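Peer 1: this one's sequence-less:
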């Protein structure tokens, strides 16, 4: 048995497979950061921190003749979202029910995807995560209210990256509302989204619930690094005769290696 | 050039497939070069030239390995099978037979991943660029 303790849950294999499948489906649908950043791992529960290669000099001198430095590491954060499910509903899956109510699984997966993406894009200072958007040193570019003006805005933001020596391909990450506008827009019958990905970006257009506005960034690699210890997993917490409590969990940290590789775009 | 040898019109192929083609063609070229250098070194009568040829052969092994790693990072099936077979001491055919038996019970890639670390097997969602 491992830390997830799944063997202790009063859940039959078909029901666990349905839970895992639903969680994986929703996570893949919602996770935005993993589509554009470098991925390191999974390294398992044992990984506690990432080596930064940095060292801080200890101000307190033990011996004037000895310089003391303390190695700097970035710790992983562990996320855990509870999932409470009626045991009777899970048993119905083993009886062949094709329409189990797994809404708590969906809600947990959406919540966890939101937190991971927020850490990647907006940062999580308490955990030493800077975030792509706060780290960007460039001036904020305007996201035009009329989405048909977006190609020009992207080209201007691309020029900022080019001047900073950042090569493509580039990805555009947009909040949910603006993404919806882009997907609905067309120029002379030609979908705007297709024009953006094929002709303006050379990279993907990505929807992220966790951000406001947008961010244009290079996906050439080497700029942003997501390090995962235990990858997204479902574990067992407790149960009573009627309800089983599971949780969706992961451990990770995120590092901005090249802050100039992104430009924020705001309304 | 890497677009030569495409079996379908380039405009019908996605960028991911085109990059995969570039990597596969590169790997084929590196493996051919290893074979050529090996044979030339074997047949060469000049010790200094033989040393150069073997050095070059080993460089091609490095290049091929780097390309293979790119394929592993960007193709889930390469990743699955390389993880299964590389750096194992067990008999290779025995590894395959054991994997077939496991897949007969749990066929999906996601479940294979779950057997390894208990996770949902999400990992990177980044496509080839």
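Peer 2: Looks like it arrived, so ask away. Here the structure is a predicted model, which is why all the values come from computation and not from measurement.

Peer 1: lowest-pLDDT helix or strand in the chain?
Peer 2: Went with chain A since none was named. The helix or strand of chain A with the poorest confidence is strand A:186-187; it has a mean of 86 (mean pLDDT, DSSP states H and E).

Peer 1: Heading C-terminal from that one, find the next helix or strand.
Peer 2: Remark: after strand A:186-187, the chain's next helix or strand is strand A:190-191, criterion DSSP states H and E.

Peer 1: what's the neighbour count on residue 75?
Peer 2: Using chain A. 14 (other C-beta atoms under 10 Å in any protein chain shown). Placement of C-beta: from N, CA and C, glycine included.

Peer 1: I was after chain B.
Peer 2: Count around residue B:75 with other C-beta under 10 Å applied: 17.

Peer 1: what sits against it?
Peer 2: Contacts for residue B:75 were tallied using C-beta atoms under 8 Å, 6 or more residues apart in numbering or on different chains; they are residue B:20.

Peer 1: re earlier: what's next to the least confident helix or strand of chain A, contact-wise?
Peer 2: A:148, A:192, A:195.

Peer 1: Buried ones among the residues you listed?
Peer 2: A:192, A:195 (16 or more other C-beta atoms under 10 Å in any protein chain shown).

Peer 1: Show me which of the contacts of strand A:186-187 is closest to chain B.
Peer 2: Comparing these against chain B with C-beta to the nearest C-beta places residue A:195 closest, at 15.5 Å.

Peer 1: any idea which helix or strand carries the closest one?
Peer 2: helix A:192-195.

Peer 1: before we move on, what about residue A:154?
Peer 2: helix A:150-163.

Peer 1: where along the stretch 151-267 of chain A do the strands fall?
Peer 2: Here the stretch 151-267 of chain A has its strands, by DSSP state E, counting those that start in this stretch, at A:170-174, A:186-187, A:190-191, A:205-207, A:214-218, A:224-228, A:233-239, A:243-256, A:262-266.

Peer 1: possible to save those as CSV with distance to residue A:48 and mean neighbour count?
Peer 2: Converted to CSV, these look like this (distance: least, C-beta to C-beta, whole Å; neighbours: other C-beta atoms under 10 Å in any protein chain shown):
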stretch, distance to residue A:48, mean neighbour count
strand A:170-174, 29, 26
strand A:186-187, 50, 12
strand A:190-191, 46, 12
strand A:205-207, 30, 21
strand A:214-218, 28, 27
strand A:224-228, 11, 22
strand A:233-239, 17, 20
strand A:243-256, 9, 22
strand A:262-266, 28, 24
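
Peer 1: among those strands, where is the model least confident on average?
Peer 2: Lowest mean pLDDT within these: strand A:186-187, at a mean of 86.

Peer 1: what's the distance between that strand and the middle of its chain?
Peer 2: Remark: strand A:186-187 is offset 30 Å from the chain centroid, using C-alpha atoms, centre = their mean, to the nearest Å.

Peer 1: Great, nothing more from me.
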